[in-house]
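Student: how would this look folded up:
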Amino acid sequence: MVEFFCWKSLYESDLELRLREAIRQRDEQWRKHEREQITFLQNETAAMLRGLHKEIERLGHQLKGSHKACPISLQRRSQEGCASGDISKNGSWRAKTLRVDFFMIN
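Tutor: Residues are numbered from 1 along each chain as shown. Below you'll find the predicted structure:
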């Protein structure tokens, strides 16, 4: 009976060790996967931000070009009261105020 108990105890301890090792490996694989996910998302976010900054820069240049091409329309709008602003020496337009009319429907 003692031999059976020892054998069962050895078997259980071996099983417990293998189980702990399997759990440790699983946890390590999960941590590795999570780190890879974080790195992937960081890279994708950085690429998206670079693209957005380029697009903002492109639109800014396009806006400057359009204001240089037609500063008269900006002055007309300002006189009409829709918007007021300044056209600086380099041709960029800076808004001072913008009035938006809201109509209430009863």
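
Student: So, low pLDDT: which residues of the protein?
Tutor: Scanning the chain for pLDDT under 70 picks out 1-8, 69-106.

Student: May I see the domains of it written out as residue ranges?
Tutor: 1-69, 70-100 (automatic domain parsing).

Student: Look through this protein and tell me its longest helix.
Tutor: helix 2-69 (DSSP state H).

Student: Roughly how far does Gly51 sit from Leu15?
Tutor: 54 Å (CB to CB, to the nearest Å). Using the backbone N, CA and C atoms, a C-beta is placed for each residue, glycine as well.

Student: And Glu34, by the same measure?
Tutor: Glu34 is 28 Å from Leu15, by CB to CB.

Student: The longest helix of the chain packs against which elements?
Tutor: Helices and strands touching helix 2-69, by 3 or more CB pairs under 8 Å, 6 or more residues apart in numbering; DSSP states H and E: there are none.
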